[in-house]
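In: Got a predicted model here, sequence first, then my questions.
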Amino acid sequence: MRAELDLGKPNRAVSPLFRLVGGPDGPPEGDRTKRGAYPGSNPLECWTLGIIFPAVVGVAVFDALWRLGGAWVASLLVVPAVFVLLHVLAFGLRLRKPDQAFWGWVLLLTLWAEWLVWRGGDTPVRWVAWGWIGFVIAQFMAVGALLWKRLMLVAGSVGIAIRIAIFVVAHLIMGGLLWKFGWVAASAAAVVFAGCWAWGTFRTSSRLFGPLATRIKDGRILLTFDDGPDPNDTPAILDLLDRHGVKAVFFVIGDKVREFPELAREIVERGHEIGNHTMTHPQGRMWGLGPGRTRREICECQDAVEEATGVRPRWFRAPVGHRNFFTHPVTRELGLDVVAWSRRSFDTIQHDPDRLVLRLTEGVTDGDILLLHEATPVAVDFADRALAELDRLRPSSEQSGDC
């Protein structure tokens with residue numbers, strides 16, 4: 001089986017803000033080779049900047065004409081003046097690439113906005129200048145967010161060192177605020193930092209500390225089973241999957257693989273994917289583990305699975321979905337993609353199969369990743385009913401197929 005995770009489509013927007021939040025690109029138009037050579041193919045950005053830039057230029061020209069000749073001159077000449085100015089600047093500055101053009105216009109309009117705000121006197125268009133300055137501030141904040149995303153992609157020891165440095169800097173900032181402004185400012189900063197850390201750690205779908213998948217690319221449904229292999233549940237679940245013609249992903253615990261290597265081999269031999277679920281499944285401590293223990297948990301499970309099956313996992317799922325601050329440098333170093341889920345039933349704490357099936361399958365959509373568990377009192381019964389319900393909702397070929 002060979003499912004492909006949905007880790008997001010590339011966004012080739014020019015402006016930092018749209019690279020951060022602008023959504024995926026549309027299909028390239030015209031010469032694909034030329035369009036692939038530089039950024040600038042985000043449709044939403046093209047529409048937005050195509051309105052904002054000329055509008056601000058128009059306001060600047062209108063204000064200048066008003067100062068020179070009054071309201072009638074400004075009203076009559078603003079459109080042709082804007083038309084000429086846009087073309088003169090576009091050709092005169094020789095900004096041939098979209099990124100050059102974007103930053104060139106940003107520089108020019110920012111110089112105008114700063115002059116208008118600080119030296120332009122009383123004018124009714126001052127609010128446009130302030131709005132433009134706010135737009136530029138948002139762009140630079142997006143630059144910071146993009147830098148953060150890039151730092152979160154650094155793998156291995158360097159990535160861990162970067163995260164330790166971020167941890168130290170955050171505490172130095174709080175210490176500086178305490179020394180300079182007192183405990184209220186330091187406490188406010190601590191709340192912000194702690195909130196961001198908690199969001200990145202305990203929010204199972206959060207990408208704050210690195211990329212992860214909650215869906216698959218194609219129009220199927222992917223079943224995943226955590227906490228195996230289990231001598232009672234694994235064989236029965238494998239039989240159920242064969243009966244329904246469905247392939248799944250088993251996120252296994254390294255200690256259990258060492259104890260039941262034949263079950264891990266059977267998972268692979270019967271055409272299912274096997275994933276890394278840490279060595280000891282420290283569900284109550286994974287969120288707070290340091291870099292050394294995090295590395296051992298992931299690496300040792302990776303080795304245990306490979307020794308038992310000859311297959312090296314390509315996906316990792318943290319216990320309870322709680323990735324800590326040092327998870328992604330390790331997984332990226334090992335070539336592992338981090339996988340969460342889009343739907344779960346809480347079958348580890350509730351044991352009514354009917355309620356579990358309803359919670360898992362109600363409103364299920366194409367691309368969903370479903371989370372189930374082994375080693376629970378109702379694991380097999382729940383899996384049986386869930387598979388039957390999915391068969392009823394859609395043909396089995398649309399569930400997981402050849403992942």
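Out: Alright, I've got the coordinates.

In: Please identify the buried residues of stretch 282-294?
Out: 282, 286, 287, 289, 291, 293, 294 (16 or more other Cβ atoms under 10 Å). In this view, the C-beta of every residue, glycine as well, is placed from N, C-alpha and C.

In: Off-centre distance for it?
Out: Between the centre of stretch 282-294 and the centre of its host chain there is 22 Å, according to Cα atoms, centre = their mean, to the nearest Å.

In: Ends of it, what's the gap?
Out: The first and final residues of stretch 282-294 sit 10 Å from each other (Cα to Cα, to the nearest Å).

In: for it, what is the average pLDDT?
Out: Mean pLDDT, stretch 282-294: 94.

In: Over to stretch 364-372?
Out: The average pLDDT for stretch 364-372 rounds to 95.

In: Likewise for stretch 229-248?
Out: 96.

In: Kindly check the end-to-end length of that stretch for me.
Out: End-to-end span of stretch 229-248 (Cα to Cα): 13 Å.

In: Quick check: the gap between the residue lying farthest from the centre of the chain and residue 62.
Out: Ranked by distance from the centre of the chain (Cα atoms, centre = their mean), the top residue is residue 69, with 52.5 Å. Going from residue 69 to residue 62 by Cβ to Cβ, to the nearest Å gives 11 Å.

In: ditto for residue 109
Out: 14 Å.

In: now for the one helix or strand residue 72 maps to, which elements pack on it?
Out: Using DSSP states H and E, residue 72 maps to helix 71-92. In terms of contacts (3 or more Cβ pairs under 8 Å, 6 or more residues apart in numbering; DSSP states H and E), helix 71-92 is packed against helix 43-69, helix 98-119.

In: Repeat the analysis, applying 6 Å as the threshold.
Out: helix 43-69 (3 or more Cβ pairs under 6 Å, 6 or more residues apart in numbering; DSSP states H and E).

In: burial count for residue 186?
Out: 18 (other Cβ atoms under 10 Å).

In: Give the helix, strand or coil label for the closest residue to it other than its chain neighbours.
Out: Excluding its sequence neighbours, the residue lying closest to residue 186 (Cβ to Cβ, 6 or more residues apart in numbering) is residue 178, at 3.7 Å. What DSSP: H, G, I helix; E, B strand; the rest coil gives for residue 178 is helix.

In: Is residue 178 in contact with residue 184, as I believe?
Out: No: look at residue 178 against residue 184 with Cβ atoms under 6 Å: they stay out of range, at 9.5 Å.

In: which parts of stretch 361-374 are buried?
Out: 361, 364, 367, 368, 369, 370, 371, 372, 373, 374.

In: what does that stretch contact?
Out: Here stretch 361-374 makes contact (Cβ atoms under 6 Å, 6 or more residues apart in numbering) with 215-216, 219, 221-228, 230, 233, 341-344, 347-348, 360, 389.

In: In helices, which of those appear?
Out: 233, 360, 389 (DSSP state H).

In: I'd like to know how many residues surround the last one.
Out: In this case it means residue 389. Neighbours around residue 389, by other Cβ under 10 Å: 16.

In: Let's see the pLDDT reported for the nearest residue to it once chain neighbours are set aside.
Out: Distances taken as Cβ to Cβ, 6+ apart place residue 361 nearest to residue 389, at 4.9 Å, with adjacent residues excluded. Per-residue pLDDT puts residue 361 at 95.

In: hmm, back to that, would you check how far apart the residue nearest to residue 186 and residue 185 are?
Out: 7 Å.

In: again, but for residue 64
Out: To residue 185, residue 64 is 43 Å away according to Cβ to Cβ.

In: And residue 56, by the same measure?
Out: On the measure of Cβ to Cβ, residue 56 and residue 185 end up 36 Å apart.

In: Name the residue in these two with the higher neighbour count.
Out: When neighbours are counted by other Cβ under 10 Å, residue 56 comes out ahead of the other of residue 56 and residue 185, with 21 against 15.

In: for the more buried one, what are its contacts?
Out: 109, 132.

In: rerun at 8 Å
Out: 109, 128, 132 (Cβ atoms under 8 Å, 6 or more residues apart in numbering).

In: most surrounded residue in the residues you listed?
Out: Ranking these using other Cβ under 10 Å puts residue 132 first, with 24 neighbours.

In: Was I right to think it contacts residue 111?
Out: No: with contact defined as Cβ atoms under 8 Å, residue 132 does not count as touching residue 111 (10.6 Å).

In: follow-up on the earlier one: which one of residue 178 and residue 184 is surrounded by more residues?
Out: Ranked by neighbour count (other Cβ under 10 Å), residue 178 and residue 184 place residue 178 first, with 16 against 10.

In: With that, I have no additional questions.
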